[in-house]
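1. Here's my sequence, what's the structure:
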Amino acid sequence: MIDTVRLEWSDVDLGQGFDEWRQANHPTARITTSAFSANQPWVGTMFNDPLLGTIGTKQNNRGNYLWVERSLPKHLYRENCRQLTLEEARAALSQLMGDVEAYVVDFLPKSPRSAVQVKRVDFYHQRPMPAAEVFAHISGCLKKQKGVTTHLMGVEVHQSRELHGRFYDKGVESGNEQYIGVVRHEEQVRGAVAKQLLDVQSCAVDPAAVRSLMNKRFVGWPAEVECYGFEQLLRDQGYTGAAAASLLLMPQLEPVFRQVVSKTYFHKCKNLAVEAQRKMCRVDLRVPEGAWIEPGV
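-> Model (predicted):
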């Protein structure tokens, strides 16, 4: 149920010892600077680590900070396509905390687990769906809202700095063909909301609260979408499936279609369209009750 988390510690030791550790373990670390961060000048480092994901530091006149950003499925299984259960997410978070403490313990506060703050957490739920119909439905419902972006892989909704929603095809996004047609709904949460939903010290998550947060995305527009199986038609029938889908979407094309193709081919496409309509289903996009209990896709 959790993909990426960002954990941060303050009052860390970023002196010469940390520089020597970084240069020994990550000699190609990228040094970043910024004029302002919360109206405070700062200087920082950011680099990728095979165990912990992205590690970063920040130094300003408020103090020294170290943060880690990691995908929990990657930390547990070395890939982030599969759906984690609640227990798997808790286990992965606990394992990540232990690895951070062991790996950079020399630079963290004396009680790192009690001092850690969660700055970002991405909650997600995924399942096989006809992605094209789902994304078209979402785009149509949200097109008048601000912060909505549509692209080839799905739809994004930038609600605020603390809340950012995404709907996308996990197979297309990851390049893993096994997950083509698996639609992921992801809510990226920051700040106070993240702290309310995830108690990082105890690795406690309230699945009902997370489910409620994610399903609020559908308030004010239909959470169900009618699916005709266009993608399946295309996969199974190729050009014939595309013709059947055209007849299904635009019945007014039928007289024209009769004139330009053979009688046999027309009836084949027409029969496929009728069969697809019989198989029409309604997919509820909301996160169902009991989510994250059993292993998913």
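2. Now Asp284: closest residue in space, sequence neighbours ignored.
-> Glu224 (5.1 Å; CB to CB, 6 or more residues apart in numbering). Every C-beta, even on glycine, is put in place using the N, C-alpha and C of the backbone.
3. and the one you found, what does it touch?
-> 282-285 (CB atoms under 8 Å, 6 or more residues apart in numbering).
4. could you redo the last one with a cut-off of 10 Å?
-> 137, 218, 281-286 (CB atoms under 10 Å, 6 or more residues apart in numbering).
5. tell me the contacts of Thr32?
-> Counted by CB under 10 Å, 6+ apart, Thr32 has contacts 42-47, 56-58.
6. now with 6 Å?
-> 44, 46 (CB atoms under 6 Å, 6 or more residues apart in numbering).
7. Tell me which helix or strand comes right after the strand or helix carrying it.
-> Using DSSP states H and E, Thr32 sits within strand 30-37. With elements assigned by DSSP H and E, the helix or strand that comes after strand 30-37 is strand 40-49.
8. Keeping just the C-alphas, turn that following strand into PDB.
-> In PDB, the C-alpha atoms belonging to strand 40-49 read as follows (Å, rounded to 0.1, in the frame of the first residue of the first chain):
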ATOM      1  CA  GLN A  40      16.700  30.200   4.100                       C
ATOM      2  CA  PRO A  41      19.900  29.800   2.000                       C
ATOM      3  CA  TRP A  42      21.000  26.200   2.000                       C
ATOM      4  CA  VAL A  43      23.600  23.900   0.400                       C
ATOM      5  CA  GLY A  44      23.100  20.200   0.000                       C
ATOM      6  CA  THR A  45      24.100  16.900  -1.500                       C
ATOM      7  CA  MET A  46      22.000  14.300  -3.200                       C
ATOM      8  CA  PHE A  47      23.100  10.900  -4.500                       C
ATOM      9  CA  ASN A  48      21.800   7.400  -5.200                       C
ATOM     10  CA  ASP A  49      22.600   4.500  -3.100                       C
END
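9. ok, back up a step: confidence-wise, which of the contacts of Glu224 comes last?
-> Lowest pLDDT among the contacts of Glu224: Cys281, with 81.
10. Report the separation between that one and Ile2.
-> 30 Å (CB to CB, to the nearest Å).
11. With neighbour numbers in mind, choose between the two.
-> Between Cys281 and Ile2, Ile2 has the larger neighbour count (other CB atoms under 10 Å), namely 23 against 11.
12. Name the nearest residue to that one, sequence neighbours excluded.
-> Of all residues not flanking Ile2 in the chain, Ala89 sits nearest, at 4.3 Å (CB to CB, 6+ apart).
13. pretty sure the one you found contacts Asp3?
-> No: with contact defined as CB atoms under 6 Å, Ala89 does not count as touching Asp3 (9.1 Å).
14. neighbour count winner among those two?
-> Shown here are Ala89 and Asp3; by other CB under 10 Å, Ala89 has more neighbours (25 against 21).
15. Helix or strand: which one has the more buried one?
-> Going by DSSP H and E, Ala89 is part of helix 86-103.
16. And Glu187, by the same measure?
-> Per DSSP H and E: strand 182-190 holds Glu187.
17. Also Trp67?
-> Using DSSP H and E, Trp67 falls in strand 63-71.
18. and what of Arg82?
-> Residue-wise, Arg82 maps onto no helix or strand under DSSP H and E.
19. Now it: closest residue in space, sequence neighbours ignored.
-> Pro73 (6.0 Å).
20. quick one: the one you found and Asn80 touch, right?
-> Yes: Pro73 lies in contact with Asn80 (CB under 6 Å); the separation is 4.1 Å.
21. Domains in this protein, by residue range?
-> 2-224, 229-279 (automatic domain parsing).
22. Looking at these, which one is packed in the most?
-> Highest mean neighbour count among the domains of the chain (mean count of other CB atoms under 10 Å): domain 2-224, with a mean of 17.
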